[in-house]
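Participant: Fold the stuff below for me.
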Amino acid sequence: MEIVPKIVQDQEIAPLRNLSTEKLIIWIIGKSKEFNLKITPEDIILECWLINPDKHSLRGYSQFPDSATVQKRIGEMKGKKGLLVGSEMSGYSLTELSKPIYADIVALVFHNKLVNKKRYTAADRNISSMDEAPYKRLKKTPAYEKYKTNHFEQIVETDFLYFYGINWHSKKSVVHNRIKNVDAVVYTFSKKDEVLKEVHKFLNKRFNYIRKQFLEE
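Facilitator: As a prediction, the model looks like this:
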């Protein structure tokens, strides 16, 4: 019997294979909520294996998923890391810590789908609510709100950091990925939202020294 994934679609597999097990779990749970699906730990294990069998198979038996690695990650993420809440019975949900990570992953996957399309416009009707999640986050940032209401003088360093979902303690690799992903979201939706395009330009001009410091460290 053919095993069919509940969550992932074929065009999403390639970029998702580059993720760590932890980030892959975040994406699976986040997307399951977008689809109003309740998934079990077994579903998560199976989905991880179908997306990246090289990393999530039993050693020496690639035709079988390895549950131990994924279950260990779920336990850590729900416990000391605070990235998940819920249980096997009620299902899992993302926390305020993991939601920005999910938005970044969505942007990365969406950007990958974009560059592989022969044609694309900002009005493309194939854009789903999941694809728009990182865009909606940017619209709710203090920088966007202040710029939209012409309060340019109130835009400060912390607004730049919040726009990109980073802080001074973020790891270099995390910062690089988030800056790249947010830039991709802005590029994708700039034709649809002129304010987003302008606030992005404003932030990167005024706080260029912060961007350079993060990217050159």
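Participant: So Val175 is in contact with Asn167, correct?
Facilitator: No: contact between Val175 and Asn167 fails when scored by C-beta atoms under 8 Å: they sit 9.1 Å apart. All C-beta spots, glycine's among them, are computed from the backbone N, C-alpha and C.
Participant: of those two, who's got more company?
Facilitator: Val175 (21 against 11; other C-beta atoms under 10 Å).
Participant: got the contact list for the more buried one?
Facilitator: By C-beta atoms under 8 Å, 6 or more residues apart in numbering, the contact set of Val175 is Tyr164, Ile166, Phe214, Leu215.
Participant: got CSV for those, with neighbour count and distance to Val186 too?
Facilitator: As requested, the contacts of Val175 are exported to CSV (neighbours: other C-beta atoms under 10 Å; distance: C-beta to C-beta, whole Å):
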residue, neighbour count, distance to Val186
Tyr164, 27, 10
Ile166, 22, 15
Phe214, 18, 17
Leu215, 12, 16
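Participant: from what I can see Asp104 touches Pro134, true?
Facilitator: Yes: counting by C-beta under 8 Å, Asp104 touches Pro134, with 7.0 Å between them.
Participant: Give the residues shared as contacts by these two.
Facilitator: Asn181, Val182.
Participant: Would you map the strands across the chain?
Facilitator: 57-58, 61-65, 84-87, 91-94 (DSSP state E).
Participant: Could you list every helix and strand that the last one packs against?
Facilitator: Under the contact definition 3 or more C-beta pairs under 8 Å, 6 or more residues apart in numbering; DSSP states H and E, strand 91-94 sits against helix 21-34, strand 84-87.
Participant: which parts of the last one are buried?
Facilitator: Put plainly, it is strand 84-87. Leu84 (16 or more other C-beta atoms under 10 Å).
Participant: Show me what it is in contact with.
Facilitator: Ile25, Ile29, Ile74, Met77, Lys78, Tyr92, Ser93, Leu94, Thr95, Ser98.
Participant: measure the residue nearest to Ser32 when sequence neighbours are not counted to Lys6 for me?
Facilitator: Nearest non-adjacent residue to Ser32, counting by C-beta to C-beta, 6 or more residues apart in numbering: Ile39, 4.8 Å away. When distance is defined by C-beta to C-beta, to the nearest Å, Ile39 is 7 Å away from Lys6.
Participant: Just the buried residues out of the contacts of strand 84-87, in ChimeraX syntax.
Facilitator: Burial among these is assessed by 16+ other C-beta under 10 Å; the matching ChimeraX selection reads:
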select :25,29,74,77,78,92,94,95,98
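Participant: Nearest residue to Asp43 in space, please, no chain neighbours.
Facilitator: Lys6 (6.1 Å).
Participant: OK, contacts around Arg211?
Facilitator: Ile179, Asn204.
Participant: Apply 10 Å and report the result again.
Facilitator: Applying C-beta atoms under 10 Å, 6 or more residues apart in numbering to Arg211 gives the contacts Phe160, Tyr164, Val175, Ile179, Leu203, Asn204, Lys205.
Participant: Next: Val106.
Facilitator: 12, 27, 30-31, 34, 128, 130-135, 137, 181, 185.
Participant: which residues touch Glu153?
Facilitator: Per C-beta under 10 Å, 6+ apart, neighbours of Glu153: Lys146.
Participant: Please disregard the earlier target; I meant Leu108.
Facilitator: Per C-beta under 10 Å, 6+ apart, neighbours of Leu108: 15-16, 18-19, 23, 27, 134, 177-178, 180-181, 184-185.
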